[in-house]
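Peer 1: Need a 3D model of the sequence below.
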Amino acid sequence: MNFNEDELQKELKELKTSVSLDPQKKESMKNAIRKHAKKKRKRKKLKQSAIWFSTAAVLFICGVLLVNTINSNQSVLPADDHDQPENKANTGDTGKEAADSGQEGDTDDTASQQISVSEQGTETQTIMLEGTEKETTVTNYSLEPYGIYYQMDEFLGNYTIDEGAVRHYSDDDNAWIRLEVIEDVSLDDVVSDVQSDYSGDASETEESAETPPGEENPYHGIGQHFSSPPQGYYVYQIEENVLVIQYEYVIAAGDGMGSRLQALRESISQ
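Peer 2: All right, here's what the predicted structure looks like:
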């Protein structure tokens with residue numbers, strides 16, 4: 001190796017030595033690099049956390065919206081959609097039946113509300129009781145809205161109004177008389193219906209008998225009596241309506257019932 005080369009290498013070594021960093025400066029640079037790397041990792045973690053929380057929030061909101069949508073659909077749609085046509089049909093039938101029932105109920109209620117009785121004072125009469133004459137008190141009644149007047153013996157002084165009819169009865173309820181007005185019908189049509197009430201459950205003892213106007217009262221009537229148990233009916237045509245009187249009593253209460261029924265028939269007027 002010649003002199004020039006030796007000098008050159010020497011200079012290179014000196015240059016390398018001069019270029020080398022101070023240990024403190026070198027350590028400071030390392031610390032700076034470490035801090036920068038740490039901050040970078042921290043920013044990366046923060047960024048990842050922000051992304052995770054954003055994703056979780058989006059998923060939560062979507063879940064809430066989905067649940068609300070399902071609940072809304074369940075509240076609107078029927079539980080079993082395939083049964084819906086049948087249910088509609090049944091509902092229609094039920095509604096029709098309810099409407100029909102309502103109309104029938106209204107008719108019955110109207111009849112019950114229309115008919116009423118008012119007491120018009122009392123009188124004293126004489127009836128045959130146990131073969132002797134006896135004074136008894138009768139009450140004058142007005143059957144509304146038909147303006148039909150009649151008298152009822154005090155023995156049958158209780159009364160109720162039910163199903164468009166007035167029912168007078170004794171204290172022991174062992175005798176009763178029922179009065180009903182059927183509108184816009186003829187006497188013959190009503191008689192056939194009334195007679196059917198007694199067919200098969202009572203032995204007939206008398207033929208049906210007509211009473212011309214003026215014989216018992218001003219109206220044309222038909223009556224019939226049965227013996228087991230004692231019961232029967234009287235039917236009178238009063239203008240366009242028909243007054244139906246039905247009665248029944250036990251044998252023990254029969255004494256005087258014939259006179260009481262006759263007094264009732266003779267008292268009918270308008």
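Peer 1: Low-confidence ranges, this protein, go.
Peer 2: Applying pLDDT under 70 to the chain flags residues 1-30, 32-47, 49-50, 53, 72-113, 199-205.
Peer 1: How is it divided into domains?
Peer 2: 22-73, 78-112, 117-267 (automatic domain parsing).
Peer 1: okay, how far is it across the longest one, tip to tip?
Peer 2: Yep, that's domain 117-267 we're talking about. Terminal residues of domain 117-267 are spaced 15 Å apart (C-alpha to C-alpha, to the nearest Å).
Peer 1: what's the answer for stretch 121-136, then?
Peer 2: Using C-alpha to C-alpha, one end of stretch 121-136 lies 14 Å from the other.
Peer 1: Tell me how many other residues crowd N241.
Peer 2: N241: 17 surrounding residues under other C-beta atoms under 10 Å. In short, each C-beta sits where N, CA and C put it, glycine included.
Peer 1: So it versus I251, what's the distance?
Peer 2: Using C-beta to C-beta, to the nearest Å, N241 is found at 34 Å from I251.
Peer 1: N71 too?
Peer 2: Separation of N71 from I251 (C-beta to C-beta): 74 Å.
Peer 1: what does E240 give?
Peer 2: 38 Å.
Peer 1: Looking at the two, which one has more neighbours?
Peer 2: Set E240 next to I251 and count neighbours by other C-beta under 10 Å: I251 wins out with 12 against 9.
Peer 1: wait, the more buried one sits on S227?
Peer 2: No. Using C-beta atoms under 8 Å, I251 is not in contact with S227, being 9.5 Å away.
Peer 1: For this protein, which segments count as helices?
Peer 2: 3-19, 23-76, 84-114, 187-196, 257-267 (DSSP state H).
Peer 1: Go through the fourth one and flag the buried ones.
Peer 2: So that's helix 187-196. Of the residues in helix 187-196, L187, V190, V191, V194 count as buried by neighbour count, 16 or more other C-beta atoms under 10 Å.
Peer 1: with those residues in mind, which one is nearest to T160?
Peer 2: Among the buried residues of helix 187-196, V194 lies closest to T160 (C-beta to C-beta), at 20.6 Å.
Peer 1: For the residue nearest to E240 when sequence neighbours are not counted, give me phi and psi.
Peer 2: With sequence-adjacent residues excluded and distances taken as C-beta to C-beta, 6 or more residues apart in numbering, E240 is closest to D184, at 5.5 Å. Per-residue torsions, D184: phi 50, psi 50 (degrees, to the nearest 10).
Peer 1: so how many other residues sit close to D184?
Peer 2: Per other C-beta under 10 Å, the neighbour tally for D184 reads 8.
Peer 1: Next up, the contacts around G147.
Peer 2: Contacts for G147 were tallied using C-beta atoms under 8 Å, 6 or more residues apart in numbering; they are Q270.
Peer 1: Swap in 10 Å and give it another go.
Peer 2: I238, E239, S269, Q270 (C-beta atoms under 10 Å, 6 or more residues apart in numbering).
Peer 1: Quickly note the distance from H168 to Q114.
Peer 2: Relative to Q114, H168 is positioned 19 Å away (C-beta to C-beta).
Peer 1: Also I51?
Peer 2: Here I51 is placed at a distance of 84 Å from Q114 (C-beta to C-beta).
Peer 1: ditto for G147
Peer 2: 13 Å.
Peer 1: same question, E266
Peer 2: 27 Å.
Peer 1: Any idea how far apart the tips of stretch 238-254 sit?
Peer 2: End-to-end span of stretch 238-254 (C-alpha to C-alpha): 29 Å.
Peer 1: Sorry, wrong one. I was asking about stretch 135-152.
Peer 2: 14 Å.
Peer 1: Same question for stretch 138-151.
Peer 2: End-to-end distance of stretch 138-151 (C-alpha to C-alpha): 6 Å.
Peer 1: List the contacts of L129.
Peer 2: Residues in contact with L129 (C-beta under 10 Å, 6+ apart) are E135, T136, F155, D255, G256, M257, S259, R260.
Peer 1: And L143, by the same measure?
Peer 2: L143 sits next to 115-118, 149-150, 166, 179-181, 243, 268, 270 when contact means C-beta under 10 Å, 6+ apart.
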